[in-house]
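Visitor: Give me a 3D structure for the following:
(chains A and B)
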Amino acid sequence: MNNLHIQKSAKNGLVFAVIIIFLALIGFTVTAASMIQKVFGVEVSVGTMPKYSALIAFLAFIGLWNGWRAAKQTEEHPLQAGHAILAGLASGFVTGLFALGYSLIVGTLQSNGVNVRVYLSSLSPESIIYFLFGQSPLSGGFIQLSLSTVSAAFGALLVIFWDRSQHQFLIWKQKLSAWGNASWPAKLRRNVFVGYIAMGVVLLLLVILPRTWGSYWNYVMGTVGIYVLLGIGLNIIVGYSGQLVLGYVAFFAIGAYSFALVTAPEPHNLNWNFWIAILVAVVASAISGVLIGLPILRLRGDYLAIVTLGFGEIIRILIKSDLLKEITLGPRGIRNIAGPTLFGKSFSSDSDFMYLIILAVLLSIFLARRWQESRIGRAWLAISQDETVAQATGVDTYKYKLLALAIGAAFAGLGGAIFASRNQFTGPEDHVLMVSINVLCLVIVGGMGSIPGVILGAFALKGLPEILRELESYRLLVFGALLVLMMIVRPEGLWPATRPKYEENSPPPVTVEGGSR
Amino acid sequence: MAEEHHKRPVKMPQLNIKIIRLIAAFVVLVLLILRIHNVALESQLGASTWLRLSVSGLIIGGMYALIAIGYTLVYGILFMINFAHGEVMMIGSFGGYFVFEAFNAIPVTLHDGTQISFLNAQPVIAILLAFLIGMGIAALTGYFLEKIAYRPLRGAPRLVPLISAIGASIFLQNAGQLLFGPQRRQYINPVIIDRGLGWQIPIAGTKVLLTYSGIFSLVLSATLMVALYLLVQRTKLGRAMRAVAQDKRTAALMGINVDKIISQTFVISGALAGSAGVMWGIHNGLTNYFVGFLPGIKAFTAAVLGGIGNIPGAMIGGLFLGIVESIGPAALGIDFQLQDVIAFSILILVLILRPSGILGEALTEEKV
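Guide: Just a heads-up that it's a prediction; the model follows:
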């Protein structure tokens, strides 16, 4: 243990100090504590703070992580217990010192009657007192200091334990995989029918669930479904053909508005049939995709991203403006948009919409997979790998990029139409840039070019925040951090795409017009 | 920042595109001139109105130029759009806001017994400190932004740092919202750079008001631009930056610490964005977490307009965009609601018709 190690640990402690102070400043400590308390089955009553034990649990968790990282940083083989614990202690102590300083500053300001909340809007007086465990600033700060130091030391102990038991873990892992390869899981995996049965069970669930789980779940899952639809569309553009489009919401808006305009009583009173209107929305979006794509698809990468962002904003501003007020009703939005009808009967209950969304998602998955495995998909793959090479091998890159944009736009239009129909309303505020960002996030977090990834991403990024309501205000913050983190740690996404292997079974492809690799 | 490129042999299809672009540019120009001509004939606006609009455009344009320089510097070195640059400006704006707020809260008793705030008793110190802190915080943000979000991605495919930049932008924006709240905050200016007072200039019978805050912003942004130009052209750091922009590997062989230069580039561009943020607050009087988004995109437009990677281009592009955006709605006879559409349309038109910008050299396809 030399100076360098102490320095490293101190640096680690500094990072965690910044994290803790930031979390306290944005009020996340209280939210996290109340969620921890909820997990243990004790509801937090409105207007009160959760119990101090929950706060201790949250801070201890961060402290453990702190110690874990500090001890890992020593990079010794084999790990020396004394050094690891010392590193953990040092790191935890530095973090604790900063927490103490923060407590002193905020606590003193608070007790001198300064309303910190005027400037830092998440920092209510109650949350400051809560952070100090109801004590005076000094003693509250010392509780923070000791908590941080002790938990970091325990974190370091965890590392030691992990290091000592790694050998045992390896043996267990080998035993497990040996058992999995020899016993019934292997037989199950080899059996073709298992896949079909699993698919059948999923289908059965999809048929039964919307009828049984009530309107709340239908609403949440319907939102997730619409985002899966959007994700699959954007996945074709970003994942398959490799064109980063940031204005995806433009197509969503065009779909929603063209659907709304031909079905709603106001402003045009056309009252078209639901299915024709959906078709109109899809076609309108696809055409707009082609029209927008024609001039800009020669651009690449970041330029394309920012130009499409510009298009998205232009369309939203136009919808909102007085210029198109007679057509789109401006900022008021369009109300009373029709629901689905079939043979003169109305099908607009929650579960009906859920079925509609499920059907649309299944259709889009089917289409996307068919396209991916066709010549078009191979052309997209080539373009996304290296556009210049693709062009050199005879792929008409412009045509295929345009096709990807049109298909992606059509999916967005379908999603927009269903969204507008389900809400019976659409307005300019439904079509802000954040929709594009959300969809992009779920595609990237799930795994670019991977359909299961998109579904997983939609559940994680759209479904989880709907269920964990407390986290709503931190959702976008987490999205941003998640995008950066994913790019650094796992750029291929949670469920990466597996490329279909053409080379193995098929003979070497004869070079023709098209995209064979 | 000149960039050497290997020239591609010109193929026939590319020639056709050039001709089509030329024709399209010509048509767009003719249509615009016709429209402006018609509107100008009908309009009741006097010379003083046009002057007022141009001056206010020039002031905002100076801020765009400062932000655009940041985009251009980073693009020249890393070939990536620093999407979070607008958010760096927002953070700088908050830095200045808090300095003014703090000074406004300190009372000072003058010799004759009147009480005024420290802000007005020592306005020069207050302004200096506001800019120092605003620029300092923004520079720090830029430094850590590069270190956390971009440095680990050096050498990754081009989409990867861009997505990381988008993520950083969303993160900073929402951190700003959670820390400082969603409401708009009013900037309190010292009286010597008041937003409502200024010089009255008589033009064609009416008087045009040049506010102190506007003049101050314009002069300061011009000074900073000159300082930056000198920094890039005359100092050792500037030479190193240009070398890294031209060729990272050779620069490293010549003994330049490339990582350090990239960090310093982010610090400089962050400081410039921070100064633009404080100016934005002083001139427009408001700041909130969203204040960086539109100026960020518009400044990017300005950087593209001037030819990305080109510092004088970014300055000219910024001033030009500011003026066009300010007089555009009046000149085209459209609603002021659509002001933002003008900037986006310019961005799209420039990228389609002349991606290399006004002053930019021809870019290879790799860069566009």
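
Visitor: So which other helices or strands are in contact with the strand or helix carrying residue B:304?
Guide: According to DSSP states H and E, residue B:304 maps onto helix B:293-306. Counting contacts by 3 or more CB pairs under 8 Å, 6 or more residues apart in numbering or on different chains; DSSP states H and E, helix B:293-306 packs against helix A:301-320, helix B:47-78, helix B:85-105, helix B:311-332, helix B:339-353. For glycine as for every other residue, the C-beta is placed from the backbone atoms N, C-alpha and C.

Visitor: do the third one and chain A meet?
Guide: I take that to be helix B:85-105. Yes: if you take CB under 8 Å from any CB of the partner chain as the test, helix B:85-105 does meet chain A, through B:98, B:101.

Visitor: now that helix: mean pLDDT?
Guide: In this model, helix B:85-105 carries a mean pLDDT of 90.

Visitor: mind checking how far the nearest residue to residue B:147 once chain neighbours are set aside is from residue B:257?
Guide: The shortest distance from residue B:147 to any non-neighbouring residue, by CB to CB, 6 or more residues apart in numbering or on different chains, is to residue B:263 (7.1 Å). The spacing between residue B:263 and residue B:257, counted by CB to CB, to the nearest Å, is 9 Å.

Visitor: between the two, who's got more neighbours?
Guide: Higher neighbour count among residue B:263 and residue B:257: residue B:263, with 17 against 13, using other CB atoms under 10 Å in any protein chain shown.

Visitor: Next, the contact list for residue A:365, please.
Guide: A:232, A:451 (CB atoms under 8 Å, 6 or more residues apart in numbering or on different chains).

Visitor: That one: which element?
Guide: helix A:350-373.

Visitor: by how many degrees do the next helix-or-strand element following that helix and helix A:350-373 diverge?
Guide: Following helix A:350-373 in sequence order, the next helix or strand is helix A:375-385 (DSSP H and E). Put simply, helix A:375-385 runs at 80 degrees to helix A:350-373, going by axes from the mean of the first three to the mean of the last three CA atoms, to 10 degrees.

Visitor: which parts of the helix or strand following helix A:375-385 are buried?
Guide: Counting by DSSP H and E, the next helix or strand C-terminal to helix A:375-385 is helix A:387-392. By neighbour count on 16 or more other CB atoms under 10 Å in any protein chain shown, the buried set for helix A:387-392 is A:387, A:390.

Visitor: With stretch A:154-162 instead?
Guide: For stretch A:154-162, by 16+ other CB under 10 Å, it's A:154-160.

Visitor: mean confidence score for the longest helix along chain A?
Guide: The longest helix of chain A (DSSP state H) is helix A:137-182. The average pLDDT for helix A:137-182 rounds to 86.

Visitor: Could you do stretch A:494-508 as well?
Guide: Mean predicted confidence for stretch A:494-508 is 60.

Visitor: buried set for stretch B:29-44?
Guide: residue B:36.

Visitor: Give me the contacts around that stretch.
Guide: B:330-333.

Visitor: Show me what residue of the stretch 251-368 of chain B gets nearest to chain A.
Guide: Closest contact between the stretch 251-368 of chain B and chain A, by CB to the nearest CB, is at residue B:344 (3.8 Å).

Visitor: which residues touch that residue?
Guide: A:310-311, A:313-314, B:297, B:301.

Visitor: wouldn't residue A:439 be in contact with residue A:248 here?
Guide: Yes: using CB atoms under 8 Å, residue A:439 is in contact with residue A:248, at 5.6 Å.

Visitor: Make a markdown table out of the buried residues of stretch A:154-162 and add distance to residue B:24.
Guide: Formatted as a markdown table, those follow (distance: CB to CB, whole Å):
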| residue | distance to residue B:24 |
| --- | --- |
| A:154 | 68 |
| A:155 | 63 |
| A:156 | 66 |
| A:157 | 69 |
| A:158 | 65 |
| A:159 | 64 |
| A:160 | 69 |
